[in-house]
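Undergrad: Model the following, please.
(one chain, ligands or ions: 1)
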Amino acid sequence: MTDKEWTSANSAGRWRVVVTKELPGERWLDILIGADCQVDMCTSEALLTAEEIEAAIGERCDGAIGQLTEPWGKQLFGALKGAGGKAYSNYAVGYNNVDVGAATEVEIPVGNTPGVLTETTAETAVGLTFAAARRLIEADRYMRSGRFKGWLPTLFLGELLWRKTVGIIGMGRIGSAYARMMAEGHKMNVVYYDPHRKEEIENYVSAYSNFLKDRGEEPVWCRRAESIEDVLGEADVVSLHTVLNENTRHVINRERLALMKDNAILVNSSRGPLIDEAALVDHCREHPGFRAALDVFEDEPDMKPGLKDLENVVIVPHIGSATGWTRKGMAILAASNVAAILSGYPVWHDEDIFPFLGDDPPKAAPSIVNAGELNIPLYHR
Ligand code: DGY
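TA: Have a look, this model is predicted:
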């Protein structure tokens, strides 16, 4: 197939499915084998190139599960179609690495894995927020280097976030989960920008606010701003939770960074290119009180020159969804997407994806993003 290492399971299976990285758990494999699939999986940690994936697809391939690090566009969907391919699932909720139009053109359904990453990724964003606000990584480095000589009144002074304002760009599932955590946990007010008003989170925060009032405590609020600029000017913390597309690339650029408070915190656990990273490096250099906490990078896995040398930046390697439960759940959803399409099942269209993790999963594909364009029937309970 390629010179990377591969393993094969159920070689007598009717369908052949290529999986470009080893996935956690066992249930995903049982799902594919249960649907009569031979599963060829790359066990190498090195990222596969498009040419290597094309070679793995070969002359006969019915379905594929790919990674967010891979360019699933015309070339790969063409190869998949040519090999008899009928289904693709990204092993991710985000699918900016996938040219859905190219897949639709050759009538290949594209799956993703929503729902199981929501709380996990929001928790990572919360962790990054406080790591930056309280300078935890700097302090860890200081400790390890043997520089701690005893408690001092001025050592590593950071920012108290309690009762301040958090700004959220993109109030989808993960943004809403982060908003709840910051409002409930830290009594922060929430100002957000999303093209659409999100009444559910506004009502949730309002109900929580009433609870606080009943207890004689200061209320909190959540409101949609008219523009991203308004969020940036008002918030003490700004967390990015929008998808990456041509409208959101560099949504945080030099000019917008300049609108943020000098001691603000910018968190990104969505996609690296949302931020003009070179501009961020300059901004952090010029504003030592400003902090950034990044899980994702513009040229992942690389970083723009200078980023890693800045003390006021926290950097972690795209681990937003990295809990065993979530990553196993993602594997189950990706496998279920491919198995269901190969089995001719309809598509689930309920926000609640959890039935797929239970003992009696629905006979449906959990999430197919181009189901409408391909006229795939919807599941009826
Ligand atoms: C996704 O699923 O889009 C995440 O970035 C993976 O952590």
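Undergrad: Give me the secondary structure label for the spatially most central residue of the chain.
TA: Nearest residue to the geometric centre of the chain (CA atoms, centre = their mean): residue 270, 5.1 Å. Here residue 270 takes the coil state, with states given by DSSP: H, G, I helix; E, B strand; the rest coil.
Undergrad: got the contact list for it?
TA: Neighbour list for residue 270: 94, 170, 174, 240, 241, 242, 243, 244, 296 [criterion: CB atoms under 8 Å, 6 or more residues apart in numbering]. Every residue, glycine included, has its C-beta placed from N, CA and C.
Undergrad: By neighbour count, which of the residues you listed wins?
TA: Neighbour counts for those peak at residue 174, which has 28 neighbours (criterion: other CB atoms under 10 Å).
Undergrad: Can you name the residues that contact it?
TA: So residue 174 contacts 117, 118, 121, 122, 125, 241, 269, 270 (CB under 8 Å, 6+ apart).
Undergrad: what sits against residue 313?
TA: Residue 313 touches 280, 284, 291, 292, 293, 294, 307, counting by CB under 8 Å, 6+ apart.
Undergrad: measure it to residue 160 for me?
TA: Residue 313 sits 20 Å away from residue 160 when distances are taken as CB to CB, to the nearest Å.
Undergrad: Run through the strands of the stretch 251-381 of the chain in chain order.
TA: 265-268, 291-294, 313-315 (DSSP state E, counting those that start in this stretch).
Undergrad: okay, now the domains of the chain?
TA: Following automatic domain parsing, one gets these domains for the chain: 6-116+322-357, 118-315.
Undergrad: Deepest in the core, which of the ones you listed is it.
TA: Most buried of those by mean neighbour count (mean count of other CB atoms under 10 Å) is domain 6-116+322-357; its value is a mean of 20.
Undergrad: quick one on the thing from earlier: widest-spaced pair of the contacts of residue 313?
TA: 291 and 307 (12.9 Å; CB to CB).
Undergrad: remind me which residues of the chain are low pLDDT?
TA: 1-2 (pLDDT under 70).
Undergrad: Chain neighbours aside, what residue packs nearest to residue 334?
TA: residue 89 (4.2 Å; CB to CB, 6 or more residues apart in numbering).
Undergrad: So the one you found lies in a strand, does it not?
TA: Yes. Read with three-state DSSP, residue 89 is one of the residues of a strand.
Undergrad: I'd guessed it sits against residue 103; true?
TA: No. Counting by CB atoms under 8 Å, residue 89 sits too far from residue 103 to count as a contact (10.9 Å).
Undergrad: How about the residues of the chain by the ligand?
TA: Within the chain, the positions near the ligand by CB under 6 Å from any ligand atom are 68, 92, 93, 94, 117, 320, 321.
Undergrad: and the nearest residue to the second one once chain neighbours are set aside, what are its phi and psi?
TA: Okay, so that is residue 92. Spatial nearest neighbour of residue 92, excluding adjacent residues (CB to CB, 6+ apart): residue 68 at 4.3 Å. For residue 68, the backbone dihedrals (degrees, to the nearest 10) come out as phi -70, psi -10.
Undergrad: on that earlier part again, in helices only, show me the contacts of residue 270.
TA: residue 174 (DSSP state H).
Undergrad: which one among the contacts of residue 270 gets closest to the ligand?
TA: Using CB to the nearest ligand atom, residue 94 is the member of the contacts of residue 270 that lies nearest the ligand, at 3.0 Å.
Undergrad: need the contact list for the closest one.
TA: Contacts of residue 94 by CB under 8 Å, 6+ apart are 68, 112, 243, 244, 270, 271.
Undergrad: what's around the residue of the stretch 201-350 of the chain found nearest the ligand, how many residues?
TA: Going by CB to the nearest ligand atom, the ligand is nearest to residue 321 of the stretch 201-350 of the chain, at 3.4 Å. Using other CB under 10 Å, residue 321 is surrounded by 23 other residues.
Undergrad: Who are the contact partners of it?
TA: Contacts of residue 321 (CB under 8 Å, 6+ apart): 93, 117, 120, 121, 124, 327, 330.
Undergrad: check contacts around residue 245.
TA: residue 96.
Undergrad: would you say residue 151 is within a helix?
TA: No. Per three-state DSSP, residue 151 lies outside any helix segment and is coil.
Undergrad: if I look at residue 275, how far off is residue 299?
TA: 12 Å.
Undergrad: Also residue 136?
TA: 26 Å.
Undergrad: just curious, which of the contacts of residue 270 is nearest to residue 337?
TA: residue 94 (14.9 Å).
Undergrad: what about the longest helix in this protein?
TA: Under DSSP H, the chain gives helix 324-342 as its longest helix.
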